[in-house]
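Enquirer: need a structure here:
(2 chains)
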Amino acid sequence: MNKEERLIKRYKAEKRFQFYGKAAIFMALLFLVVFLTKIFSTGYTAFQKTWLVIPVNYNADLLYLDPDKKPTTEDINDADFYEFGIETFITLDPDASEDQIMELKKMFAFTFERELKYYLLDNPDSFGKTVDVKLTASDDLDQVFKGNYPRDIPENRRRASDYQLKIFDKLSEDGRVISEFNASFFTNADSREAELAGIASSFMGSLFSILVCLSIAFPVALLAAVYLEEFAPKNRFTDFIEVNINNLAAVPSIVFGLLGLGVLLAVFGLPRSTPLVGGITLSLMTLPTIIIAARASLKAVPPSIREAALAMGASRMQTTMHHTVPLALPGTLSGTIIGLAQALGETAPLILIGMVAFVNTIPGTPMDPAASLPVQIYIWAESAERGFVEKVSACIMVLLFFLIFMNLGAQLIRHKFEKKWN
Amino acid sequence: MNSVIFLTIVLLALSSYFFGRKKAILIQSNKRLTALPKFYGYYLAIWCGAPAFLLYALWSIFEPSIVRFFILSDYSSQGLLEGELNLFYEKVKSLSRNQYSGELTAELQRSAEKYLNFRDIAKWSKVVIVLSLLIASTGYAYTKISNNTKTREPVEIFLKGVFFLSSLAAILTTIGIIFSLLFQTIEFFQVIPLFDFVFGMHWYPAKAFVRDASEALDPSMYSDTFGAVPIFAGTFFIALIAMCVAIPIGLLSGIYMAEYASKRLRQYAKPVIEILAGIPTVVYGFFAALTVGPFLKDLGLSLGLEVSAESALAAGGVMGIMIIPFISSLSDDVITSVPQNLRDGSYAMGATKSETIKRVIFPAALPGIVGSILLGVSRAIGETMIVVMASGLAANLTLNPLESTSTITAQIVVILIGDQQFGDPKTQAAFALGLSLFIVTLVLNIVALSVVKKYREKYE
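Expert: Below is the predicted model of the structure:
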C-alpha cells in the first residue's frame, strides 16, 4: 500500500467516524420523534367523545308520573329512568328481541339513567314531548367511531356485535352520531368504564403531592444549602454531609418508596394512599436535587458582594440573608422547579405507599386517598380494555404538557432573573 | 386541636415580635441600643415560639405511647403476648371512637372509658403546660430586654442552628433508608437463611402466602422460595441490554457533540436529546409494553423466532434509550474538559481528527467516560417502571433476550403493590431486595463519582 492509498483510507475512516457520530445523534432524535408521534397519534382521539343523539319521548306514562301535573324536581328524582331508558332504546328498533334489547342498552354508557334524568331536570318543558337527547356512547362504539377497532374481523372477535353496528350505522347516516370535545376527561374521576374515566382525581392527587413536596423540600433544601455554602466549617462532618447528599441524589427512587413504607407508614402511622405521605416521600427524593442546585447558585454569587456587605458592617447572617440568598434565589427556584418536575413524573415510590388504589372520588385535601397522574397512567396501562389505551396516551400528553411547562418556567426564571457576573 | 395549638403558638410568636420591637423603640428614646429594634422583636419571638413548639412536638410524639402504657399496665401482668396486647389496644381505640363492632367485654369497656379519660387529661394538660411554658419563657425574655442585652448574636446563633438542622435532613434520610431496610431485612434473614437467599435458584414469593401468624413460623414452607439468583441475573441482564443500546449511541453522540458539532447543532440538539432523560419512566414503560414489545414479537414471528411479548429485549432496549442522554451529556462534558494542547499535539503529528479522538482524547478521557457509564448502569439497575410494565413478572433464569425475565425493582413492586402485611416474610423479602439494590447502586455511585472527581482534578 503506498502513501496515497493510505491517506485515502485514513480520510475514509475519518468520514466513517463522523458518520457514526451523526447517525448516533440521528438515532437518539429519531427515538424521540417516534415516541412522541406514537403517543400523540394514539392519544389525541381521547380528547373527543362520541355521543348518540336519540329521540326520547318523555311520556308521563313511561315514567309513571302524573301527566296533568308538571313534575317537581323531587318527582323526577324519584322516577325510574332505567325502565324508561330501555323503552326509549326499543324505539331505535321496534322489532328487537330480548337479547337485542340488551345489546341496544350496551350501546350506551351505563350512566344513561342519570343522563336522561338530568336532561329532564335541566329542561322541564320537555316533559310529555319527544326531544333529541345526547347520550354517551359505550366505549366499544366510541372506539369503532374513532376507527380504533377494526370492523372487518369476524364478529366473535369483535367487541361490538353486527347488530350494534347495524343500528350504529343507521344512527350515523341520520347524523345522530356526534363527536365533541371530551370535557369529562378533565372533570371526571377514575372509572372502571373507559368512556367515563377522567383524570380529575389523579390530577388533584398530583397537585397535592407536589404542593406538600414543595413546602417541605424547598425551605429545608435552601437552608441546608445556605449552611453548607456560607457557614459550615471545613471539617470532616461537613464533608460527610456533602458525600451523603451526592449519594442520595443517585439512590433509585423505589428505595425512597421503601423508606416511605417502612418509616412513614409503619413507624409514624401516617394514612396510607394519601398525597401527604406521597408528598413527603417525594420531598425526601427531591431534596438533594434542590440542595445541589441551590449550592451551585450560591457559589456563583461573587465573593465581592459578600465582602462589600461585610465591609459595610453587616454581620455574616445579614450578608447572607440580605445579599447572597436573594441573588441566588432565581437559580435555586429554577432548580426547585426541575426537581418538582422530576417528582411529578415519579411513579414507583407512590405505588409502594399505596397511591395505586382505585379512587373514584376527587380528593379534597392531602389527607384523602388519591392516585397521581403517572400512577393513573400505570393503572390504565395495566387494564385490558382497548378504550384505556387512548386514555393512557392522553394522560401522558397532559403529564408531558405540565413537565414541558415547568421546565420552560425554570428556563425562563433562570434567563430573566439570574444576574450574569463577569 | 393540634392545629389550633400550633396556630396559637405561631400567632403568639408573631405578636411577641411586635412587643419586643416596641419595647426596644421605647428604650431607644433615651438610651442607645446594642442592636436594631427588629432584633429585639426576633429575640422575643424566638423565646416565645421555640421552647413551646419544641415541647409541643415532643409531647405529640410521646403522648400515644405513654397513654398506651397506662392503659395496658393493668393487663401486662397477665402474661399476654405483645401481639395480643396490640390487638386489645386497637380494640380499645376503636371502641372509644364508637367504631367497634366486635364482642363487648366489661374489661374492654372499662379500658375504653379510661382511654378517653386519659386522652382528655393528656389533651388539656398539653394545652396548659405548653401555654404556660410559652408565657414563662416570653415573660422571662421580655423582662430581660434592656438597652444592653445582646439580641442580635443569640438570634443569629439560633438561625444558624436551624440551618444546621436542615443540612442534617440528608443524613437523616440516609439513616432512615438504612434503618428501614436493615430492620426488615434482619427479620427476613431470621426466617430465610442468608445463603438460601443469595445462592438459591428459585424465586416464587407467591408460594409464601401466609394466612395467619402460626403458619409464618413454619420454615419448611419457604425452602426454595426466596432464592434471589434469577432476579439478580435478570437485573444485570436487562441492564446489560440497556447498556448495549445506550453506550454506542450515547458515547458516539457525546463525542460528536464535543468534537464535531457546530455551535448551532449543539445549541439545539443537546437539549432535545436531554428531553429523553426528562420523560417519566412510566411513559417509557407504556411505550415499551404497547409498541416495542408487540413490534418485536411480530418481527420475531416473521423471522420464525419465538419472541415473548414481554421480552427482556423490549424492556432493556427502551431503558437504553432512556439512558442515552446521561451518557452523552456526561461524556460530552468529560471530552470537552480534555486540555486543548493534547489535541494540538496530535494534529501537529499529522493525525486526522478521528485518529486524534480515538488515540489521544478517548484514552485521556477514559476514566471520566467509565464514570459516566457506571452512573448509567446504576440508573439501569434502579429503574423500575419500564421493567414492571414491559418485562415479565415471573423470575426466569435465562440468557435469552427474547424471553421474559424479572428484576429486583419489578419484584419489589410486585410484592408490595396492594396491601402489605408487616411481619410477613414476603414483605420482608422486598426490603431485603431493596437493601441489595441500595448497596449495589451505592457502590456504583461512589466508584463512579470518585473516578469522575479524580479525572477532573487531573486536568483542572
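
Enquirer: State whether residue B:18 and residue B:41 are indeed in contact, as I suppose.
Expert: Yes. Here residue B:18 lies in contact with residue B:41, judged by Cβ atoms under 8 Å, at a distance of 6.5 Å. Placement of C-beta: from N, CA and C, glycine included.

Enquirer: quick one: which of those two has more around it?
Expert: Set side by side, residue B:18 and residue B:41 show more neighbours around residue B:41, with 23 against 12, by other Cβ atoms under 10 Å in any protein chain shown.

Enquirer: Whichever strand or helix holds the more buried one near chain A at all?
Expert: Assignment of secondary structure by DSSP states H and E places residue B:41 within helix B:37-72. No. Applying Cβ under 8 Å from any Cβ of the partner chain, one finds helix B:37-72 separated from chain A by no less than 8.6 Å.

Enquirer: Please identify the buried residues of that helix?
Expert: In terms of neighbour count (16 or more other Cβ atoms under 10 Å in any protein chain shown), helix B:37-72 has its buried residues at B:37-53, B:55-56, B:59, B:63, B:67-68, B:71-72.

Enquirer: Next: stretch A:234-251.
Expert: The neighbour-count criterion (16+ other Cβ under 10 Å) identifies A:241, A:242, A:244, A:245, A:246, A:247, A:248, A:249, A:250, A:251 as the buried residues of stretch A:234-251.

Enquirer: helix/strand/coil for the fourth one?
Expert: Going back to what we said before, that points to residue A:245. Under the three-state scheme (DSSP: H, G, I helix; E, B strand; the rest coil), the conformation of residue A:245 reads as helix.

Enquirer: Let me know whether it touches residue B:170 as I believe.
Expert: Yes. Applying Cβ under 8 Å as the test, residue A:245 and residue B:170 come out as touching, 4.6 Å apart.

Enquirer: quick one: common contacting residues for those two?
Expert: A:288, A:291 (Cβ atoms under 8 Å, 6 or more residues apart in numbering or on different chains).

Enquirer: If you compare the directions of the lowest-mean-pLDDT helix or strand in chain B and helix B:37-72, what angle comes out?
Expert: Within chain B, judged by mean pLDDT, DSSP states H and E, the helix or strand with the poorest mean is helix B:82-96; its value is a mean of 75. Angle, helix B:82-96 to helix B:37-72, by axes from the mean of the first three to the mean of the last three Cα atoms, to 10 degrees: 110 degrees.

Enquirer: buried set for the helix or strand just after helix B:82-96?
Expert: Next along the chain after helix B:82-96, taking DSSP H and E as the criterion, comes helix B:106-144. By neighbour count, with 16+ other Cβ under 10 Å as the criterion, the buried positions of helix B:106-144 are B:108, B:111-112, B:114-115, B:118-119, B:122, B:126, B:130-131, B:133-134, B:137-138, B:141-142.

Enquirer: Report the inter-axis angle for helix B:106-144 versus helix B:82-96.
Expert: 80 degrees.

Enquirer: now the strands for chain A?
Expert: In chain order, chain A shows strands spanning A:48-57, A:130-136, A:177-181, with DSSP state E as the criterion.

Enquirer: separation between the spatially most central residue of chain A and residue A:397?
Expert: With distances taken as Cα atoms, centre = their mean, residue A:373 lies nearest the centre of chain A, 3.3 Å away. Noted for residue A:373: a distance of 11 Å to residue A:397, by Cβ to Cβ, to the nearest Å.

Enquirer: Residue A:142 too?
Expert: For residue A:142, the distance to residue A:397 - Cβ to Cβ - is 18 Å.

Enquirer: ok so, going back, my guess is the residue nearest to the centre of chain A contacts residue A:202, does it?
Expert: Yes. Using Cβ under 8 Å, residue A:373 makes contact with residue A:202 at a distance of 5.1 Å.

Enquirer: how about the least confident helix or strand of chain B: buried residues?
Expert: Judged by neighbour count using 16+ other Cβ under 10 Å, the buried positions of helix B:82-96 are B:85, B:88, B:89, B:91, B:92, B:93, B:95, B:96.

Enquirer: ok, which stretches of the stretch 251-400 of chain A are helices?
Expert: All helices of the stretch 251-400 of chain A, identified by DSSP state H, counting those that start in this stretch, fall at A:253-259, A:275-300, A:303-311, A:316-319, A:325-344, A:348-352, A:373-382, A:387-417.

Enquirer: quick check, the fifth one touching chain B?
Expert: So that's helix A:325-344. Yes. If you take Cβ under 8 Å from any Cβ as the test, helix A:325-344 does meet chain B, through A:341, A:344.

Enquirer: How far away from the center of its chain is that helix?
Expert: Between the mean C-alpha point of helix A:325-344 and the mean C-alpha point of its chain there is a distance of 22 Å (Cα atoms, centre = their mean, to the nearest Å).

Enquirer: Next, the angle helix A:373-382 makes with that helix.
Expert: Between the axis of helix A:325-344 and that of helix A:373-382 there is an angle of 10 degrees, by the same axes, to 10 degrees.

Enquirer: Quick one: low-confidence residue ranges for chain A.
Expert: A:422 (pLDDT under 70).
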